[in-house]
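1. I would like to see how this sequence folds:
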Amino acid sequence: MSLAQRFSHPTSDVLETLAQLPNDEVFTPPSVARQMLDLLPIEIWQDPKLRWLDPATKSGVFLREVCNRLMVGLQEWEPNGQKRREHILKNMVFGAAITSLSGELARRTVYQSADATGAKLRDAEVFPILVKMYHSDGNIPFVESSHFIKNGKCEPCRAPAKLVRDNREAFAYSFIHNTYPTPEMANMKFDVILGNPPYQIGMEDSEGNRTANVTPLYNLFVDKAIRMDPKYVLMITPSRWFSGGKGLNEYRDRMLNDRRIRALHDYANAKEVFPGVEIKGGVSFFLWDRDHAGDCEFVQMADGKQISKTTRDLRTGDGVVIRDNFAAQIVQKVQSKSLGTPSLATLVSTRDPFGPGIRTNYRDAQPEPFEGSIPLIFWNKVGYINQSQLERNHSWVDTFKVLIPKASDGRGGNENLSILGEPIALPPGSACTQSYLVAGTFQSALEAANFAKYLTTKFVRFLVLQRKVSQDLTQSRFAFAPLLDMSREWSDDDLYKLYDLSIEETAYIDKTISDRDWIDSLESPAPETHLPGGRKYRPGEVVPDESDEDDSDD
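-> Below you'll find the predicted structure:
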């Protein structure tokens, strides 16, 4: 029997059950931890000198699975099981608990006792395998840390000053606040850093509801782990960094250009990994190998199985990770035939086309037209304002234009997708709130109509999809879609022919993307769909002021 075949995979596991439950903390299922560990070379389990670190221990599942494999891999090195176990627990595996409670849970998982000395253990069946550690925390302490507030934010983690809660641990995670490793561990070198770091930190309002001010944290754990220069870093995080994420531009750039990322496994539907929580944009785990210098093995996972695997250079995605291997080939073909052609990103507006104050729930619009007013198009209705209330782009009011919903049709698992909401083609005489982006302005109704139709093609929406991991749209999402001559109408067949797409490639696009209509309001600056009796008219519906998942810095 090979070493790989001898690794223990328990059929009944309380940690598997724990990972299914809804929690603020995202517990990793043991099956996922094992998939991640499978990425490491087999010989690593036969080296008794290595040190392993989980810098954000919750249930202790990663450390337990590491111990299980080391117990098998080191059998020849130390045949005595108890001596082998003692060496592993005392000298090889370490963790930093994220809270005092998770520290107790992790120690129970790894040492069989929350008190790692075993002094309080009463289970006689555990005594024969108990390893008595030197301290009650063993090698898995919770190191209480503090936020370092400057200018209203914590310098290490960027948490707002209001975050620290009375009578609760402050979620100042020791690993990224430089209190772990502790001074006593100053000369300790870690060879493998792995785990499932906390994903974000944010504020809660007076009723305990999460507000829009949410900041990613997982990138800070990854960055520090890599700076510590171990042999390997193995972590699972949200996939939002692939093409978006608040404050993640520099992190994404570093990751895409780091040739030491050896493997990346992506789950577009996060519930396949974490059934008890919703993580928009999916999750992924990666292996960073200090001695690797080359392309990355990219694996797509869906419906519990591998659907695609290829090796590619992550730098070729024009600033994003294209998470669909076959789509990456299509994008590359389109780009090679679009040299010198600008992209739609050069035409689409910023997220606040008429100014930051013209918010989704703009309060200063009137319900009825008045002398000199123009229609202001909301997500679900039309209000009326004086043009002087707009903060910028006043000239756009007098043009034909096409609007596109800013947030719609997020990306999930394998379902067919629309990707973009319905484009609205409008004549001169209106503006919109931040519910919409101005996708383009034109001098004629013909160009506006053709552009709206162009945005409904499966070709364009397939290209947008490759840069879109959540509901939010930004300019950068359109960077793969070419800007063509809008004096003519474009069909999918026209576009497939123009870019020499194969039958297989066009079939893949047609299968992936669902149909989409457009709204022709070229006879009126106030679309009938948004007026009383229209299918989008819902004046009482509360629409969020802004996404709590700010998707990009652009």
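2. residue ranges with poor pLDDT in the stretch 401-550 of the chain?
-> Across the stretch 401-550 of the chain, the ranges flagged by pLDDT under 70 are 408-416, 542-550.
3. hey, where'd the helices end up in it?
-> Assigned by DSSP state H, counting those that start in this stretch, the helices in the stretch 401-550 of the chain fall at 445-456, 458-465, 492-498, 503-512.
4. tilt between the second one and helix 445-456?
-> For helix 458-465 and helix 445-456, the angle between their directions (axes from the mean of the first three to the mean of the last three CA atoms, to 10 degrees) works out to 60 degrees.
5. what sits up against helix 458-465?
-> With contacts defined as CB atoms under 8 Å, 6 or more residues apart in numbering, helix 458-465 is touched by 327, 330-331, 334, 344, 411, 417-420, 454-455, 473, 477-478, 480-481, 492, 495-496, 499, 509-510, 512-513, 516. For the C-beta atoms, the positions are set from N, CA and C on the backbone; glycine is no exception.
6. ok, now how distant is the residue nearest to Asp289 when sequence neighbours are not counted from Ser284?
-> Nearest non-adjacent residue to Asp289, counting by CB to CB, 6 or more residues apart in numbering: Arg262, 4.2 Å away. To Ser284, Arg262 is 14 Å away according to CB to CB, to the nearest Å.
7. Neighbour count: those two, which is higher?
-> Taking other CB atoms under 10 Å, Arg262 and Ser284 do not tie; Ser284 has more neighbours (26 against 21).
8. So what are the sheet partners of the helix or strand where the more buried one lies and their directions?
-> Using DSSP states H and E, Ser284 falls within strand 283-289. Under the criterion DSSP bridges, strand 283-289 sits next to strand 232-238 (antiparallel), strand 261-267 (antiparallel) in its sheet.
9. For those strands, give me a markdown table that also has mean pLDDT and distance to Val348.
-> Listed next are the strands paired with strand 283-289 as a markdown table, based on pLDDT from 0 to 100; distance: least, CB to CB, whole Å:
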| stretch | mean pLDDT | distance to Val348 |
| --- | --- | --- |
| strand 232-238 | 97 | 25 |
| strand 261-267 | 97 | 26 |
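10. now for these, which one comes closest to Val66?
-> strand 232-238 (10.3 Å; CB to CB).
11. Need the residues that contact the following helix or strand past the closest one.
-> Moving toward the C-terminus from strand 232-238, the next helix or strand (DSSP H and E) is helix 249-257. Contacts with helix 249-257, where a contact means CB under 8 Å, 6+ apart, come from 219, 222-223, 241-243, 245, 261, 314-315, 317, 319-321, 552-553.
12. Need the nearest residue in space to Phe175, chain neighbours excluded.
-> Pro55 (3.9 Å).
13. partner strands of the helix or strand that neighbour falls within, parallel or antiparallel?
-> If you go by DSSP H and E, Pro55 is part of strand 52-57. Applying DSSP bridges to the sheet, strand 52-57 is found paired with strand 93-97 (parallel), strand 192-195 (parallel).
14. picking up where we left off before, right, so the strands paired with strand 283-289: which one is the most enclosed?
-> Among these, strand 232-238 has the highest mean neighbour count (mean count of other CB atoms under 10 Å), at a mean of 24.
15. export that one as CSV, just CAs?
-> Only the C-alpha atoms of strand 232-238 are listed here, as CSV (Å, rounded to 0.1, in the frame of the first residue of the first chain):
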residue,chain,number,x,y,z
TYR,A,232,4.9,26.2,1.0
VAL,A,233,1.8,28.4,1.6
LEU,A,234,-1.5,26.5,1.2
MET,A,235,-4.7,28.6,1.9
ILE,A,236,-8.3,28.8,1.0
THR,A,237,-9.9,32.2,0.5
PRO,A,238,-12.7,33.9,-1.4
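16. Touching it from outside, list them.
-> 28, 32, 36-37, 39-40, 44, 191-197, 199, 216, 218-219, 221-222, 225-226, 245, 270, 273, 279, 281-290.
17. one more time with 6 Å
-> Outside strand 232-238, the residues that touch it by CB atoms under 6 Å, 6 or more residues apart in numbering are 36, 192-194, 196, 199, 218, 222, 225-226, 279, 283, 285, 287-289.
18. Return the closest of these with respect to Thr109.
-> Asn196 (13.9 Å).
19. pretty sure Arg260 contacts His292?
-> Yes - look at Arg260 against His292 with CB atoms under 6 Å: they come within range, at 5.1 Å.
20. of all the strands paired with strand 283-289, which lies closest to Glu184?
-> When those are ranked by proximity to Glu184 (CB to CB), strand 232-238 comes first, at 23.2 Å.
21. Over to Asn80: give its phi and psi.
-> Backbone dihedrals for Asn80, given as degrees, to the nearest 10, come out at phi -70, psi 120.
22. For it, give its distance to Trp52.
-> 21 Å.
23. How about Phe285?
-> Using CB to CB, one obtains 16 Å as the distance from Phe285 to Trp52.
24. Same question for Lys536.
-> Lys536 is 55 Å from Trp52, by CB to CB.
25. next one: Gln389
-> Applying CB to CB to Gln389 and Trp52 gives a distance of 60 Å.
26. same thing with Gly355?
-> 52 Å.
27. Of these two, which one has the most company?
-> Neighbour count, other CB under 10 Å: between Gly355 and Trp52, Trp52 has more, with 25 against 16.
28. Asp191 is in contact with that one, correct?
-> No - using CB under 6 Å as the test, Trp52 is too far from Asp191 to be in contact (7.0 Å).
29. give the contact list for the residue nearest the centre of the chain.
-> Centroid-nearest residue in the chain, with CA atoms, centre = their mean: Arg240, separated by 2.2 Å. Residues near Arg240 by CB under 6 Å, 6+ apart: Gly281, Val469.
30. likewise the one 5 residues further on?
-> When contacts are counted by CB under 6 Å, 6+ apart, Gly245 touches Pro216.
31. Which pLDDT value goes with it?
-> Note on Gly245: pLDDT of 83.
32. Against Met235, how distant is it?
-> Taken as CB to CB, the span from Gly245 to Met235 is 15 Å.
33. Low-confidence stretches in the stretch 1-150 of the chain?
-> 1-25, 122-127.
34. need the helices for it, in chain order.
-> With DSSP H, counting those that start in this stretch as the criterion, the stretch 1-150 of the chain has helices at 14-20, 30-37, 61-73, 81-91, 100-111.
35. what residue of this protein is the furthest out?
-> Distance to centre of the chain, CA atoms, centre = their mean, peaks at Glu371 (47.2 Å).
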